[in-house]
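**Student:** Test case, fold it:
(one chain, ligands or ions: 1)
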Amino acid sequence: MPELPEVEITARLLDAALAGAEIESALTPGINALKTFDPPLSALAGGRVEAVRRRGKHLIVDASGELSLLIHLMSAGRLQLYDGRASARDRTSRLLVRLGDGRELRLREFGSRQAAWVKLLATAAIEHDDAIADLGPEAWPDPPPLGELLDAPRPLHALLRDQHVIAGIGRSWVDEILWRARLSPYKRGADLDAAELERLREEIVATLGGAIAHYERSLSLPIPDKLPMPLVVHRHEGEQCPRCAGTLRAVHFEDYIIAYCPACQTEGRVLKDRRLSRLLR
Ligand SMILES: [Zn+2]
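**Tutor:** Numbering: from 1, shown residues only. You can find the predicted model right below:
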């Protein structure tokens, strides 16, 4: 699940490796992930990659001719650079950008759900695209004070994952951030006091920044299919809390899990696990 730290390290590594590379051709094999038709993908041919950058959880590949690819990896996509061409039998590729030196940039997607998408836009149109224009401020490196952003009667776990509220945080890192800030995932945004708001802001920056630093130390191209996410709470339910040695718990939903420490975050209360209560009904 690529979130801000995973997309940021992807952009950094690809930017260093690709800036200036000549584009021979671009194509979308198999399932068409391209959501735009004008300009056509062929407009990229003969140009150069100028930069790879990030906005929220989106990747942006800027090319010469004032063109940019806007890419969303969704839950199972990766943007990866290879030394050679993809095999015709490769069913995971959604977009291939073939470079003049023989390398190939591939948007690949794993699993059965095909959701990753690409748009080719004029560079100046990126910030006005629906996917970008409505994003909240970046969660890292310097989000604004959270008081106004989170002033809503919605649980923190939902608010922080809402890209319109603050951009970059998803299901994995929200658990780490709330655990570090010692806040209940169900506490309502509007109920946070000034000290809690400040603590939460600090932990958002520190958690995401720490993950990026971890990836800077441990990753190089090619970016692996499965990133070594330095999570201590998310996906660790049933294990010991690294802070208080209590047991980490989880609430299961249809397509995500909230992990937390009752002792550190909910005054010892164990939140109702809907999956369990459904089974018991
Ligand atoms: Zn704890």
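
**Student:** where does the stretch 151-281 of the chain dip in pLDDT?
**Tutor:** Along the stretch 151-281 of the chain, the model assigns pLDDT under 70 to residues 274-281.

**Student:** near the ion, which residues of it?
**Tutor:** Within the stretch 151-281 of the chain, the residues that sit near the ion (C-beta under 5 Å from the ion) are 241, 243, 244, 246, 261, 263, 264. Every C-beta, even on glycine, is put in place using the N, C-alpha and C of the backbone.

**Student:** top of the residues you listed by neighbour count?
**Tutor:** Compared across those, residue 261 has the highest neighbour count, 25 neighbours, by other C-beta atoms under 10 Å.

**Student:** I'd assumed residue 250 was in contact with it.
**Tutor:** No - assessed by C-beta atoms under 8 Å, residue 261 is found out of contact with residue 250, at 10.6 Å.

**Student:** Right, and the ion sits closest to which residue of the stretch 51-200 of the chain?
**Tutor:** The minimum distance from the stretch 51-200 of the chain to the ion, using C-beta to the ion, falls at residue 179 (7.5 Å).

**Student:** residues contacting that residue?
**Tutor:** By C-beta atoms under 8 Å, 6 or more residues apart in numbering, the contact set of residue 179 is 232, 233, 243, 259, 260, 261, 264, 265.

**Student:** Show me the helices in the chain, by range?
**Tutor:** Secondary structure of the chain by DSSP state H: the helices cover 4-18, 130-133, 156-161, 171-180, 194-218, 262-265, 274-280.

**Student:** Could you name the helices and strands sitting against the first one?
**Tutor:** Judged by 3 or more C-beta pairs under 8 Å, 6 or more residues apart in numbering; DSSP states H and E, helix 4-18 is in contact with strand 49-55, strand 58-63, strand 77-82, helix 194-218.

**Student:** quick one: the last one to chain centroid distance?
**Tutor:** Helix 194-218 has its average C-alpha position 15 Å from the chain's average C-alpha position, going by C-alpha atoms, centre = their mean, to the nearest Å.

**Student:** picking up where we left off before, identify whichever of the helices of the chain lies nearest to residue 87.
**Tutor:** In terms of C-beta to C-beta, the element of these nearest to residue 87 is helix 4-18, at 21.5 Å.

**Student:** buried residues in that closest one?
**Tutor:** 4-15, 17-18 (16 or more other C-beta atoms under 10 Å).

**Student:** can you put those in CSV and add distance to the ion and pLDDT?
**Tutor:** What follows is these, written out as CSV (distance: C-beta to the ion, whole Å; pLDDT from 0 to 100):
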residue, distance to the ion, pLDDT
4, 24, 98
5, 23, 98
6, 25, 97
7, 29, 97
8, 28, 98
9, 28, 97
10, 32, 97
11, 33, 98
12, 33, 98
13, 34, 97
14, 37, 98
15, 38, 98
17, 40, 97
18, 42, 97
